[in-house]
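Novice: what's the 3D shape of this:
(one chain, ligands or ions: 2)
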Amino acid sequence: MTMQFSILGTSSSGNSALVVTENCKALIDAGFSCKRLCEMLEERGVRPEEIDAIFVTHEHGDHTAGISTFCKRFNPHIYANPLTAKALQPKLKHRPNWKLFTTGSTFQFRDLTVESFSLPHDAHDPVGFTFTSGRDDLFSPIRSVAWLTDLGFAPRHVMERIRAVDLLVVEANHDLELLQNDTKRPWSVKQRISGRHGHLSNQAANDLLNSISKPQWSQVFLAHLSRDCNSSDAVHNAFSDLKESSPYRIDTIMAGGGSSLQNV
Ligand SMILES: [Zn+2]
Ligand SMILES: [Zn+2]
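Specialist: Numbering: from 1, shown residues only. Ligands and ions are numbered 1, 2, ... in the order given. Next comes the predicted model:
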């Protein structure tokens, strides 16, 4: 079968996605309550006990809120690098089935090849991932997905890792003007969000997409949008030129939304 992918939800207040291959079902992050994760999975025809593994990008709550209860109930493998596992463990109710990887390494989980790469973000050892699966035949073509959220800027090694995937999820966190004018956040938080270890703005995400020559993407999801500091108008303004000129499709996942389970 072809690899399948769905964003369960993505925004500054919760992130999780589902990857399905012939031999495994895995989550990327689990930043919703266990109850909500179970509902989201069931909406996509997947039972939570079928989840074999969770790949954790970093320890922030919007990526890990459901891990403790989900693991206690369903006991999937938890893939994280040592610093992320160390930061997470004190917040968990029990010791999950940790599988540690080294940042920058490529490893195998069943029929899924997973690549991790370091990201500039204010966590202990944050990573992005690419997931590749398939046998290169008609029934199971080789397909790949990249998950790239929570980064202040995109270093060169990141651009190289994401260029050749079929489906790219990239953060378009905030509109700079909406962030500057936001009255809920103190100046120091605004500095953190827009800094080199914060989050990509719409403009920065747009620049990143434009800067990669001959990308192989057929689809790009704009993700991890801020509820307060981004809007559909702001995203539209930032990406309308690219949407018209690019050979790939660009979809925006607004805060509170997700995407259905689709073939990659
Ligand atoms: Zn986040
Ligand atoms: Zn984060």
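Novice: what's the biggest helix by length in the chain packed up against?
Specialist: Secondary structure of the chain per DSSP state H: the longest helix is helix 232-245. Judged by 3 or more C-beta pairs under 8 Å, 6 or more residues apart in numbering; DSSP states H and E, helix 232-245 is in contact with helix 202-211, strand 249-252. The way it works is simple: take the backbone N, C-alpha and C, and place the C-beta from them, glycine included.
Novice: which of the ones you listed sits most buried?
Specialist: Highest mean neighbour count among the helices and strands packed on helix 232-245 (mean count of other C-beta atoms under 10 Å): helix 202-211, with a mean of 19.
Novice: that one packs against which elements?
Specialist: Partner elements for helix 202-211 (3+ C-beta pairs under 8 Å, 6+ apart): strand 167-171, helix 232-245.
Novice: hang on, the earlier thing: tell me the buried residues in the longest helix of the chain?
Specialist: Ala234, Val235, Ala238, Phe239, Leu242, Lys243 (16 or more other C-beta atoms under 10 Å).
Novice: one step back: for the helices and strands packed on helix 202-211, give me TSV that also has mean pLDDT and distance to ligand 1.
Specialist: Formatted as TSV, these follow (pLDDT from 0 to 100; distance: least, C-beta to the ion, whole Å):
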stretch	mean pLDDT	distance to ligand 1
strand 167-171	98	8
helix 232-245	96	17
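Novice: among those, which is nearest Ile253?
Specialist: strand 167-171 (8.5 Å; C-beta to C-beta).
Novice: now do that closest one: distance to the chain's middle.
Specialist: Centroid displacement of strand 167-171 relative to its chain, using C-alpha atoms, centre = their mean, to the nearest Å, is 7 Å.
Novice: check stretch 12-27 too.
Specialist: Mean C-alpha position of stretch 12-27 versus that of the full chain (C-alpha atoms, centre = their mean) differs by 9 Å.
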